[in-house]
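A.B. asks: Here's my sequence, what's the structure:
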Amino acid sequence: MRTLRCLAAICALTVLCTTTASARAERFRIGRLLCFSEPRVGLVLGSTQAMRCVFTGLRPPRQYVYEGRIRRVGLDLGVTSAGTLSWAVFARNSRIGPGTLRGSYVGASGNFALGPGLGANVLIGGSRQSVMLQPISIERSIGLNLAAGVTHLTLGPRGPQ
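C.D. replies: Reported below is the predicted structural model:
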């Protein structure tokens, strides 16, 4: 019960911090990033997952594919199946291209799964720190897991198939 309270406090704090940071600069919603992750095993102090991501731009409608890796440092106990993460994407301007989302994103995350699971991730970064992945992402997975900590997401161009 105490761990759940701690997880809720971390999520609330990250939403507050992200809302404050986004108020400083006008941002445009440029699209949605949908990432498909591999199964994850929490290693008590962290975890790593490879992902395949698809960015769908709003205007003009375009799609770009990225490879990603998400690393979590902090409390991470349990096992989850492959999952899906979805973010609304905001940027300082509305111009998008194949490398718009390439770069590193850092923030906080919290996940809970007892059967079906949900998670929240607050990440800012990208090219010249100009891209923000919506204050709270939606993460869906199935497993038995509890995680809270700092998250680092790296997005790069898709490699050869």
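
A.B. asks: could you pull out the strands for this protein?
C.D. replies: In the chain, the strands defined using DSSP state E lie at 28-37, 40-57, 63-80, 83-91, 103-125, 131-133, 138-157.

A.B. asks: and Gly97, which of these is closest to it?
C.D. replies: strand 63-80 (7.9 Å; Cβ to Cβ). In short, each C-beta sits where N, CA and C put it, glycine included.

A.B. asks: Mind giving me the packing neighbours of the closest one?
C.D. replies: Judged by 3 or more Cβ pairs under 8 Å, 6 or more residues apart in numbering; DSSP states H and E, strand 63-80 is in contact with strand 28-37, strand 40-57, strand 103-125, strand 138-157.

A.B. asks: sorry, back to before: output the strands of the chain as a markdown table; include the columns mean neighbour count and mean pLDDT.
C.D. replies: Below are the strands of the chain laid out as a markdown table (neighbours: other Cβ atoms under 10 Å; pLDDT from 0 to 100):
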| stretch | mean neighbour count | mean pLDDT |
| --- | --- | --- |
| strand 28-37 | 19 | 89 |
| strand 40-57 | 17 | 84 |
| strand 63-80 | 18 | 87 |
| strand 83-91 | 20 | 85 |
| strand 103-125 | 20 | 79 |
| strand 131-133 | 25 | 80 |
| strand 138-157 | 20 | 82 |
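
A.B. asks: Using CSV, lay out those strands together with distance to Gly97.
C.D. replies: Listed next are those as CSV, based on distance: least, Cβ to Cβ, whole Å:
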stretch, distance to Gly97
strand 28-37, 11
strand 40-57, 9
strand 63-80, 8
strand 83-91, 11
strand 103-125, 13
strand 131-133, 12
strand 138-157, 12
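
A.B. asks: Determine which residue lies closest to the centroid of the protein.
C.D. replies: Asn121 (4.9 Å; Cα atoms, centre = their mean).

A.B. asks: For Gly42, see how far away that residue is.
C.D. replies: 15 Å (Cβ to Cβ, to the nearest Å).

A.B. asks: returning to that earlier point: adding distance to Arg71 as columns, could you present the helices and strands packed on strand 63-80 in a markdown table?
C.D. replies: Listed next are the helices and strands packed on strand 63-80 as a markdown table, based on distance: least, Cβ to Cβ, whole Å:
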| stretch | distance to Arg71 |
| --- | --- |
| strand 28-37 | 12 |
| strand 40-57 | 5 |
| strand 103-125 | 10 |
| strand 138-157 | 5 |
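
A.B. asks: Run through the residues that contact Arg27.
C.D. replies: Phe90, Ala91, Arg92, Met132 (Cβ atoms under 8 Å, 6 or more residues apart in numbering).

A.B. asks: That concludes my questions; thank you for your assistance.
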